[in-house]
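Participant: Turn this into a model:
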Amino acid sequence: MKTETGLPTNGVYQFLKYFLHAESTFRPTHIICCWDMGKDTFRTSIYEGYKTNREHPPEELVPQFDLVKKVVELFRIPNVGVANYEADDCIGTLTANFKTEAEITVLTGDRDLLQLVDCNVQVAIMKKGIGNYDLYSMENFHEKTGIDPQQVIEVKALMGDSSDNYPGVKGIGEKTAMKLIKEYGSVDSLLRHLSELPKGIQTKITNDREMLRISRELAEIKKDVPLEFSMEEAAWNRKKEDVVKKLNEMELNHFAKLIMTTA
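Facilitator: Okay, the predicted model is just below:
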């Protein structure tokens, strides 16, 4: 799938399909789209190995990111991103700023964002296949995970994150990390009771104490990103006619057709 100028558009098409289905499912009154702003962030300055295991996106996908942003703008949806921070941090800040004003649904494929679940904040994890969402809220979070949302950070600090390429404490996996956090509640509490732990775990934590501190800092989503934003800017207008007209003008007729045939 390409434009007449040869620009691949299959990625944009898939984005639109997921977006339109999610919009019809959750029926939001406001929408914001958050983006990473490059690979260098405060996290890479803390730990050089952060995300260095990630493969580069396919060459044909790279130019489509800007096209996706243009399509998002056509819907009058704000594109939000701040240099030195990840999209997750922008989402964390926006949820913190607006959770007392609105009921928020965070739509993502990244389970790191589960730490944002709170009163008025639910996280919808996008699973394989359009329309397949795994919903987490304060009502079901502990039942589904066995821990509280903020404890996601503590577990990741101990076990690390192979997808983000930071190790946590060597020799402590998810099962042990979950057990420790369920018992002690947090990394700080665990360290205060270090002498109570089995000798093997004591040794592992003592040897990797600095990496434990770093891993916790990497795992925690920021909620104080310097961005100025009002709810009014994100008000969602469901009228699609203007978007369809502009897409046709951009020779993206197949996108226009998709929008008009989606409820």
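Participant: Check which element follows the helix or strand harbouring M211 along the chain.
Facilitator: Using DSSP states H and E, M211 maps to helix 209-219. Downstream of helix 209-219, the next assigned helix or strand under DSSP H and E is helix 241-249.
Participant: mean confidence score for that next one?
Facilitator: Averaging pLDDT along helix 241-249 yields 82.
Participant: before we move on, the earlier item: tell me the buried residues in the helix holding M211?
Facilitator: M211, L212, I214, S215, R216, L218, A219 (16 or more other CB atoms under 10 Å). C-beta coordinates here come from the backbone N, C-alpha and C atoms, glycine included.
Participant: ok, now stretch 8-18?
Facilitator: P8, T9, G11, V12, Y13, F15, L16.
Participant: what's the pLDDT at the second one?
Facilitator: The confidence metric pLDDT takes the value 82 at T9.
Participant: likewise the fourth one?
Facilitator: Each residue has a pLDDT score; the one for V12 is 85.
Participant: Could you list every helix and strand that the helix or strand hosting it packs against?
Facilitator: Assigned by DSSP H and E, V12 belongs to helix 10-26. Packing contacts for helix 10-26, counted by 3 or more CB pairs under 8 Å, 6 or more residues apart in numbering; DSSP states H and E, involve helix 62-74, strand 104-108, strand 121-126, helix 253-260.
Participant: Looking at the ones you listed, spot the one closest to Y85.
Facilitator: Among those, strand 104-108 comes nearest to Y85, with 15.8 Å by CB to CB.
Participant: Measure how far the closest one is from the centre of its chain, please.
Facilitator: 9 Å (CA atoms, centre = their mean, to the nearest Å).
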